[in-house]
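S.K.: sequence below, structure please.
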Amino acid sequence: MMWWQALVRRVLPAARGAPERASAGPRYPDAVYRGGRAEAGGFRDTGGRHGPALRESGALSREAPRQPEGTPSDAAVLPFASTGPHGHRARMRDKLLTRGPDALADYELLEMLLFLAMPKGDTKPLAKALINRFGSFAQVLAAPQQALMDARGLGPHSVAALKLVQASALRMARAEVMDAPVLNKWDLLMDYLKLVMAREKTEQFRILFLDSKNRLIADEAQARGTVNHTPVYPREVVKRALELHATALILVHNHPSGDPTPSRADIEMTREVKAAGEILSIAVHDHLIIGNGEVLSFRREGLL
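M.R.: Alright, predicted model coming up:
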């Protein structure tokens, strides 16, 4: 198995709503970070501004402050009760090359990704701290750019490395549905849409434009809205379809609340787009709502 295939397999379960590997786990209370900032760590991205300077030894972490006596410990519920001991890059590379990517725990995979931005030092404590903060390996990759920039130990180089890997996973998932009729690759299409939209914090409205053989011409985000509303104009949807010479559409939007149940406005907007498209022989195959690991199909629910 190639490394990129393993990467997509790590990212997809969380988007599907399935349990992740034990090393990642569900979202946990944030005991490593307090007040939005890390009290422990001292990590430094060589291109960033967070954390103290590297010591001559090259270590990228220092011991976390002790809790006051009588303070309950959150260690039992965090994925990693301790962010040590230090890792060894040569050993990690050997493990990857000799045993394959499936031999790596999620925090080890993240640790190795951070190698790209931090040429020296131990990145294991930072990898574990990030999973503690965001909840899982997949959620670290999908975290908003500013949230990653605000995390202690990360800077422009490391955030760019993480976002590059996320973008690569999305490109590969999208490539799987490009060259054949999307209606014949429905499960792969669902995986791709969950990757793109399931973790969005605000509503996003996308349109899949299809040709006469139901092959994907374009996948475009038409609008972004608030946490519970995205403005959509049927005239603009049909206009863009004509520009791309599309003959069919699949409408897609997400519900950040996690509940994919359509609102009355969702249903009315879908009917308006369908009516506008019928005048110009543009079919609306479906309208999909992405929730937290769930997808609601208007066609399957009899709403289209």
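S.K.: endpoints of stretch 136-150, how far apart?
M.R.: 17 Å (CA to CA, to the nearest Å).
S.K.: can you check stretch 119-138 too?
M.R.: End-to-end for stretch 119-138, by CA to CA: 23 Å.
S.K.: pull out the buried positions in that stretch.
M.R.: 121-138 (16 or more other CB atoms under 10 Å). In short, each C-beta sits where N, CA and C put it, glycine included.
S.K.: tell me which element residue 194 falls in.
M.R.: Assigned by DSSP states H and E, residue 194 falls within helix 186-197.
S.K.: typo on my end, it should be residue 221
M.R.: strand 216-224.
S.K.: that strand packs against which elements?
M.R.: Counting contacts by 3 or more CB pairs under 8 Å, 6 or more residues apart in numbering; DSSP states H and E, strand 216-224 is packed against strand 204-210, helix 234-243.
S.K.: among these, which is the most enclosed?
M.R.: strand 204-210 (a mean of 22; mean count of other CB atoms under 10 Å).
S.K.: could you dump that one to CSV, C-alpha only?
M.R.: The C-alpha coordinates for strand 204-210 follow below in CSV (Å, rounded to 0.1, in the frame of the first residue of the first chain):
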residue,chain,number,x,y,z
GLN,A,204,-21.2,25.8,2.3
PHE,A,205,-23.2,25.2,-0.9
ARG,A,206,-21.5,23.3,-3.6
ILE,A,207,-22.6,22.1,-7.1
LEU,A,208,-21.4,19.2,-9.0
PHE,A,209,-21.8,19.9,-12.8
LEU,A,210,-22.2,16.8,-14.9
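S.K.: that strand pairs with which strands, and in what direction?
M.R.: strand 216-224 (antiparallel), strand 248-254 (antiparallel) (DSSP bridges).
S.K.: quick one: which of those is nearest residue 286?
M.R.: The closest of these to residue 286 is strand 248-254. By CB to CB, the value is 5.2 Å.
S.K.: avg pLDDT for the closest one?
M.R.: Averaging pLDDT along strand 248-254 yields 94.
S.K.: next, the angle from that strand to helix 186-197.
M.R.: 50 degrees (axes from the mean of the first three to the mean of the last three CA atoms, to 10 degrees).
S.K.: ok, residues contacting the strand or helix carrying residue 276?
M.R.: Element membership of residue 276 [criterion: DSSP H and E] is helix 264-279. The contact list for helix 264-279 (CB atoms under 8 Å, 6 or more residues apart in numbering) reads 229, 232, 234-235, 237-238, 241, 249, 251, 253, 283-284, 287, 289, 298, 303-304.
S.K.: drop anything exposed from these.
M.R.: Judged by 16+ other CB under 10 Å, buried ones among these: 232, 234, 237-238, 241, 249, 251, 253, 284, 287, 289, 298, 304.
S.K.: good, we can wrap up now.
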